[in-house]
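# Can you look at this prediction? I've put the sequence above it.
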Amino acid sequence: MGYPSIFPTGTLIYDKEKTFNGYTIFPSAKGALLIDMNGREVQLWAGLGGFPNKILPGGYVMGTTGTRPGKKAYQDQIDLVQVDWDGNVVWKFDKTELIADGDKDPVYMARQHHDYQREGSTVGYYYPGGEPKTDGGNTLILTHENLYNHDISDKRLIDDKIIEVDWEGNILWSWRASDHFDQLGFGEAAKNVLFRNPCLQGEAGGDWMHINSMSVLGENKWYDQGDERFHPDNLIIDARNANILAIISKETGDIVWRVGPDFNENEATKKLGWIIGQHHLHLIPKGLPGEGNLLVFDNGGEGGYGTPNPGALTGVNNARRDYSRVLEFNPVTLEIIWQYTPLEAGNLLFTDASKFYSSYISAAQRLPNGNTLITEGSDGRLIEVTPEHEIVWEYINPYFNTILGQFTNNMVYRAYRVPYEWIPQVEKPEEISVEPIDVETFRVPGSLVGNGLGKVTTIDGVDPEARLMTGGGASDDEDEEVNFCVATVKKSDLIHK
């Protein structure tokens with residue numbers, strides 16, 4: 001969306017009576033940043049990358065010390081580390097693969113990307129009874145592996161692999177996406193496009209799936225009711241480039257549940273709607289409101305493979321939508337239980353849908369009070385919304401990177417909220433509610449407030465109190481039409497949605 005070149009950052013809205021109060025961790029341009037509800041910087045682990053950063057009980061933080069350089073690299077992190085409050089590395093893993101790039105000496109790297117989970121927590125965020133281990137336990141890590149699979153493409157692939165490592169770094173279990181190509185539901189048109197161009201990323205290869213989230217199902221009502229697909233040990237993933245959401249059997253490696261890549265598959269998927277370029281799919285853990293349902297940030301933007309169209313001349317990224325949705329839905333019936341879309345944010349889809357839109361990264365976390373913490377990642381915006389869609393906390397990341405010497409970006413990959421007691425090193429901060437600013441009168445220094453100060457001219461036959469809208473149709477009548485260019489909306493259409 002278009003937005004002004006000058007805008008406030010930090011905490012913009014905070015209703016301390018309606019929020020789940022605690023600390024929020026996110027990867028910033030300066031490092032792993034921990035803030036309180038008022039936006040005070042509690043701790044910065046300077047330079048520590050996060051794909052994502054996660055806080056563990058006791059003030060530990062997880063992240064990476066660097067990214068693999070070179071043309072053959074694509075989003076590979078060199079390691080995954082756990083750091084204590086004082087910056088000491090207490091755990092490190094970097095032994096996924098011995099990498100030799102060009103004329104450089106071979107070095108071991110983790111090749112971690114997008115996600116990981118420490119034993120004790122299925123999803124990496126707070127829920128009752130779910131505390132990640134800090135001095136032992138296994139870690140599931142999403143990694144990359146380059147290979148050729150001519151059933152998929154004749155091009156070199158960047159394959160997604162999940163590994164489980166113990167505290168000493170031994171790899172105990174692994175799974176590769178390419179081994180299960182025939183279980184992923186690609187139609188013939190998609191297979192044709194994928195073979196020719198598996199989302200090629202230069203010399204690095206084809207990022208054909210781009211799995212960007214991976215977590216464990218954990219205890220859940222579906223398994224308790226006898227549905228073996230939802231075994232607590234099974235893993236749930238989503239593949240951004242393929243528009244696929246899936247559950248993996250930990251025992252067999254098979255895909256036992258899947259939605260996508262074709263959302264015209266049946267009436268249930270049609271009603272759910274196309275999920276495109278999504279991030280952070282997971283099962284809401286037991287003990288939280290909505291437990292057992294799936295939560296996902298449905299980015300929109302572009303994704304998938306299929307028949308070429310005017311927006312995707314080669315059939316790569318053939319599905320497109322210019323706004324985002326956060327969806328909570330039943331994994332058995334696919335019924336949408338709760339959602340946050342431009343409509344719930346107070347915007348019409350045709351005219352202002354881009355006001356809630358992040359075409360990449362982003363996330364959603366269910367909080368113990370029933371609210372949802374949403375990372376609208378592309379513009380560094382974090383919001384906590386109630387079940388009734390009220391924004392009760394809003395924060396804009398104040399730190400920007402300059403890219404290629406020209407472009408600025410304050411993106412946030414993923415943020416997490418944790419309770420105060422997870423950080424015993426500092427006292428609980430004072431909570432001060434922040435009232436929303438009246439944007440009609442807010443001005444920067446030097447710009448005068450002039451509302452209503454100028455000469456007012458009345459015209460015969462014109463209501464001076466009328467609130468006009470370009471295109472007409474501003475009455476309160478439910479059947480009155482409001483016209484925007486080629487779009488027409490009735491008040492009654494919105495009331496009864």
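Good, I have the coordinates.
# So which elements touch whichever strand or helix holds V296?
In this assignment (DSSP states H and E), V296 forms part of strand 294-298. Secondary-structure packing of strand 294-298 (3 or more C-beta pairs under 8 Å, 6 or more residues apart in numbering; DSSP states H and E): strand 279-283, strand 325-329, strand 363-366, strand 372-376. The way it works is simple: take the backbone N, C-alpha and C, and place the C-beta from them, glycine included.
# Quick one: closest of the ones you listed to E188.
Closest to E188 of these, according to C-beta to C-beta: strand 279-283, at 26.1 Å.
# mind saving the C-alpha coords of the closest one as CSV?
What follows is strand 279-283 as a C-alpha-only set of coordinates in CSV (Å, rounded to 0.1, in the frame of the first residue of the first chain):
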residue,chain,number,x,y,z
HIS,A,279,3.6,-18.3,6.4
HIS,A,280,3.6,-19.7,9.9
LEU,A,281,1.0,-22.5,9.6
HIS,A,282,0.7,-24.3,12.9
LEU,A,283,-1.8,-26.1,15.2
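# Show residues contacting that strand.
Identification of contacts with strand 279-283 by C-beta atoms under 8 Å, 6 or more residues apart in numbering yields 122-123, 212-213, 215, 217-218, 220, 230, 236-238, 240, 245, 292-297, 299, 331, 360-364, 375, 377, 414.
# and what of stretch 332-345?
Applying C-beta under 8 Å, 6+ apart, the contact partners of stretch 332-345 are 222, 227, 259, 268-269, 271-272, 290, 293, 323-330, 348-349, 352-357, 372, 374, 385, 387, 389, 494, 497.
# Kindly check the end-to-end length of it for me.
Stretch 332-345 has an end-to-end distance of 27 Å (criterion: C-alpha to C-alpha, to the nearest Å).
# Note down every partner strand of the strand holding V296 and its orientation.
Strands adjacent to strand 294-298 in the sheet, as given by DSSP bridges, are strand 279-283 (antiparallel), strand 325-329 (antiparallel).
# Would you mind getting the angle between the first one and strand 372-376?
Just to be clear, that refers to strand 279-283. Relative orientation of strand 279-283 versus strand 372-376 (axes from the mean of the first three to the mean of the last three C-alpha atoms, to 10 degrees): 160 degrees.
# How far off centre is strand 279-283?
Offset of strand 279-283 from its chain centre (C-alpha atoms, centre = their mean, to the nearest Å): 8 Å.
# Where does pLDDT dip in this structure?
Within the chain, the stretches with pLDDT under 70 are 1-2, 468-497.
# follow-up on the earlier one: pick the most buried one from the strands paired with strand 294-298.
strand 279-283 (a mean of 27; mean count of other C-beta atoms under 10 Å).
# related to what we said a few turns ago, restricted to buried residues, select the contacts of strand 279-283 in ChimeraX.
In ChimeraX, a selection of the buried entries from the contacts of strand 279-283 looks like this (16 or more other C-beta atoms under 10 Å):
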select :122,123,212,213,215,217,218,220,230,236,237,238,240,245,292,293,294,295,296,297,299,331,361,362,363,364,375,377,414
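# Indicate each strand paired with the helix or strand hosting V90 and its parallel or antiparallel sense.
Assigned by DSSP H and E, V90 belongs to strand 89-93. Using DSSP bridges, strand 89-93 pairs in its sheet with strand 80-83 (antiparallel).
# Run the chain-centre distance for the partner strand.
That offset, for strand 80-83, works out to 22 Å (C-alpha atoms, centre = their mean).
# And stretch 428-439, by the same measure?
Counting by C-alpha atoms, centre = their mean, stretch 428-439 is centred 25 Å from the centre of its parent chain.
# Could you pull out the buried residues of that stretch?
For stretch 428-439, using 16+ other C-beta under 10 Å, the buried residues are V434.
# Can you give me the end-to-end span of it?
One end of stretch 428-439 to the other measures 32 Å (C-alpha to C-alpha).
# same thing with stretch 334-346?
With C-alpha to C-alpha, one end of stretch 334-346 sits 25 Å from the other.
# So for stretch 16-24, what gets flagged as buried?
K18, T19, F20, N21, G22, Y23, T24.
# so where do the helices sit in the stretch 351-497 of the chain?
491-495 (DSSP state H, counting those that start in this stretch).
# Any chance of the helices and strands packed on strand 294-298 in a markdown table with distance to T402 as columns?
Listed next are the helices and strands packed on strand 294-298 as a markdown table, based on distance: least, C-beta to C-beta, whole Å:
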| stretch | distance to T402 |
| --- | --- |
| strand 279-283 | 25 |
| strand 325-329 | 30 |
| strand 363-366 | 24 |
| strand 372-376 | 21 |
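# Minimum distance to G10: which of these has it?
strand 372-376 (15.7 Å).
# From the contact counts, what lies against the closest one?
So strand 372-376, by 3+ C-beta pairs under 8 Å, 6+ apart, packs with strand 294-298, strand 325-329, strand 336-340, strand 363-366, strand 381-385.
# and the helix or strand following the first one, how far from the chain's centre?
Along the chain past strand 294-298, the next helix or strand (assigned with DSSP H and E) turns out to be strand 301-305. Between the centre of strand 301-305 and the centre of its host chain there is 16 Å, according to C-alpha atoms, centre = their mean.
# which parts of the following helix or strand past strand 301-305 are buried?
Remark: after strand 301-305, the chain's next helix or strand is strand 316-321, criterion DSSP H and E. For strand 316-321, the neighbour count (16+ other C-beta under 10 Å) marks V316, N317, N318, A319, R320, R321 as buried.
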